[in-house]
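A.B. asks: Give me a model of this one.
(one chain, ligands or ions: 1)
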Amino acid sequence: MEYKLSPSILSADFCNLEEGIRQTEENGAVYLHFDVMDGVFVPSISFGMPVLASIKPAVKQVIDTHLMITEPIRYVEAFAEAGADILTVHYEACKDIRATLDKIKACGMKTGLAISPETPVEVLKEFLGEVDMFLVMTVHPGFGGQKLISETLDKVRTLRTMLNERGLETDIQVDGGIYAFNVKEALDAGANVIVAGSAVFKGNAGENTRELMEILKNYE
Ligand SMILES: O=C(CO)[C@@H](O)[C@H](O)COP(=O)(O)O
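C.D. replies: Model (predicted):
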């Protein structure tokens, strides 16, 4: 299993965004996590396609886009054009999940399906084998800097078991409250794509990335 770090720029210093991102890339983060919030699905508003389109040509990282927006199907084409490589939508935010996933695929992106902490993991059963990545939110979506809800890791464990039973090696991403001190708990539960915002961008992004990457590289 390949372990990947996806630094979330939500916690970055936007006056020095280019430098911050470069430090994560130079220190081995192959993904870059781009959190889109609409003020409806989640209370907060973040950034959207124009910001992504500016970042895209400046990085080689996989743009791992997490849409925290209602009816994301409306924006699938726009995010493909802006440069998203993976487009993750929320189970709770879609009227027609399959149509949304089909549109993501048709636009040439990888598919991600996310669940919020209150959503049971069993809802994902019918999508096993149909998506490239599942995202199990380890905090309530909407804000960086929250504390990991440890019960959400039980859902990661259950999901990894469900995938293993079907012989699937689908990526499981975890997002929220992950730091060097607790990342191993998420890996032990079965996650292999780690989103980290505060843990990377608060302080020295290069050193923080290196520290997290060391843990991922040495994980067995
Ligand atoms: O999607 C979200 C929040 O909704 C996350 O991607 C956060 O940006 C993670 O931040 P930290 O908890 O790592 O600070």
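A.B. asks: Let me know the secondary structure of Thr209.
C.D. replies: At Thr209 the chain is in helix, as set by DSSP: H, G, I helix; E, B strand; the rest coil.
A.B. asks: Pull the number of nearby residues for it.
C.D. replies: For Thr209, the neighbour count with other C-beta atoms under 10 Å is 24. From N, CA and C alone the C-beta is placed, and that goes for glycine too.
A.B. asks: which residues touch it?
C.D. replies: Counting by C-beta atoms under 8 Å, 6 or more residues apart in numbering, Thr209 touches 5, 7, 23-24, 27-29, 200.
A.B. asks: ok, now Glu2?
C.D. replies: Glu2 is in contact with Asn192, counting by C-beta under 8 Å, 6+ apart.
A.B. asks: Tell me the confidence at it?
C.D. replies: At Glu2, the predicted lDDT confidence score is 95.
A.B. asks: same check, this time on Met109
C.D. replies: Met109 is assigned 98 on the pLDDT scale.
A.B. asks: Look up phi and psi at it.
C.D. replies: Dihedral angles of Met109 (phi, psi; degrees, to the nearest 10) stand at phi -110, psi 160.
A.B. asks: wait, doesn't it sit right on Ala82?
C.D. replies: No. Using C-beta atoms under 8 Å, Met109 makes no contact with Ala82, being 10.8 Å away.
A.B. asks: Okay, and the nearest residue to Val200 once chain neighbours are set aside sits in which element?
C.D. replies: In this structure, Val200 finds its nearest non-sequential neighbour in Pro7, 4.2 Å apart by C-beta to C-beta, 6 or more residues apart in numbering. Using DSSP states H and E, Pro7 maps to strand 4-7.
A.B. asks: Show me the contact partners of the helix or strand just after that strand.
C.D. replies: Sequence order places helix 17-26 as the next helix or strand after strand 4-7, per DSSP H and E. The contact list for helix 17-26, computed with C-beta under 8 Å, 6+ apart, reads 5, 7, 9, 12-13, 32, 55, 58-61, 200-201, 204-206, 209.
A.B. asks: List buried members of those by neighbour count.
C.D. replies: Using 16 or more other C-beta atoms under 10 Å as the burial test, these include 5, 7, 9, 12, 32, 55, 61, 200-201, 205-206, 209 as buried.
A.B. asks: so the closest residue to Glu185 other than its chain neighbours, which of the three states?
C.D. replies: Leaving aside its sequence neighbours, Glu185 sits nearest to Leu153 (C-beta to C-beta, 6+ apart; 6.1 Å). On the three-state scheme (three-state DSSP), Leu153 is labelled helix.
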